[in-house]
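Asks: everything below, folded, please.
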Amino acid sequence: MAKRYVSERELSEYSGIGVRTLQGWRLRNQGPPWRKFCGTVRYDLEAFESWAADQPSGGGMIENRKIA
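Replies: Coordinates of the predicted model:
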C-alpha cells in the first residue's frame with residue numbers, strides 16, 4: 001500500500017488539531033512526525049495514526065467514587 005501524505009490543513013481537518021497547533025509543535029520538535037517535500041510540509045497518515053495511538057488518554061470510568 002502506498003503511503004498517503006497530507007497537508008497540515010488536511011491533517012487538521014482529519015484530526016481536529018488546529019493548524020497553528022501543528023505548526024507550533026513542529027517548531028518545538030513535538031507532535032506527529034512530518035516531512036518536507038520541495039518546501040511543503042506533509043504528514044504520513046499511517047505515522048500520524050501510530051503517533052496518536054501512543055498519546056496518553058483519559059476519560060476512563062470512575063467506579064463508585066463518593067465526594068466527601
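
Asks: from the chain's centroid, how far away is stretch 47-58?
Replies: In terms of C-alpha atoms, centre = their mean, to the nearest Å, the centre of stretch 47-58 is set 7 Å apart from its chain centre.

Asks: what comes up buried for that stretch?
Replies: Within stretch 47-58, the residues that count as buried by 16 or more other C-beta atoms under 10 Å are residue 48. From N, CA and C alone the C-beta is placed, and that goes for glycine too.

Asks: can you check stretch 24-36 too?
Replies: For stretch 24-36, by 16+ other C-beta under 10 Å, it's 31-32, 34.

Asks: residue 32 and residue 13: what is the separation?
Replies: According to C-beta to C-beta, to the nearest Å, residue 32 and residue 13 sit 14 Å apart.

Asks: what of residue 37?
Replies: Taking C-beta to C-beta, one finds residue 37 at 20 Å from residue 13.

Asks: so if I had to pick from these two, which one is more boxed in?
Replies: residue 13 (12 against 8; other C-beta atoms under 10 Å).

Asks: please report how far that one lies from residue 38.
Replies: From residue 13 to residue 38 the distance is 22 Å (C-beta to C-beta).

Asks: repeat for residue 52
Replies: According to C-beta to C-beta, residue 52 and residue 38 sit 26 Å apart.

Asks: quick one, strands of the chain?
Replies: 5-6, 35-37, 40-44 (DSSP state E).

Asks: quick one: closest of the ones you listed to residue 17.
Replies: strand 40-44 (10.3 Å; C-beta to C-beta).

Asks: now for the closest one, which elements pack on it?
Replies: Judged by 3 or more C-beta pairs under 8 Å, 6 or more residues apart in numbering; DSSP states H and E, strand 40-44 is in contact with strand 5-6, helix 8-15, strand 35-37.

Asks: 7 Å - rerun?
Replies: strand 5-6, helix 8-15 (3 or more C-beta pairs under 7 Å, 6 or more residues apart in numbering; DSSP states H and E).

Asks: tell me which residues of it come out buried.
Replies: Quick answer for strand 40-44 (16+ other C-beta under 10 Å): 41-44.

Asks: could I get the residues you listed as TSV with distance to residue 8 and pLDDT?
Replies: Converted to TSV, the buried residues of strand 40-44 look like this (distance: C-beta to C-beta, whole Å; pLDDT from 0 to 100):
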residue	distance to residue 8	pLDDT
41	6	96
42	8	97
43	7	97
44	13	96
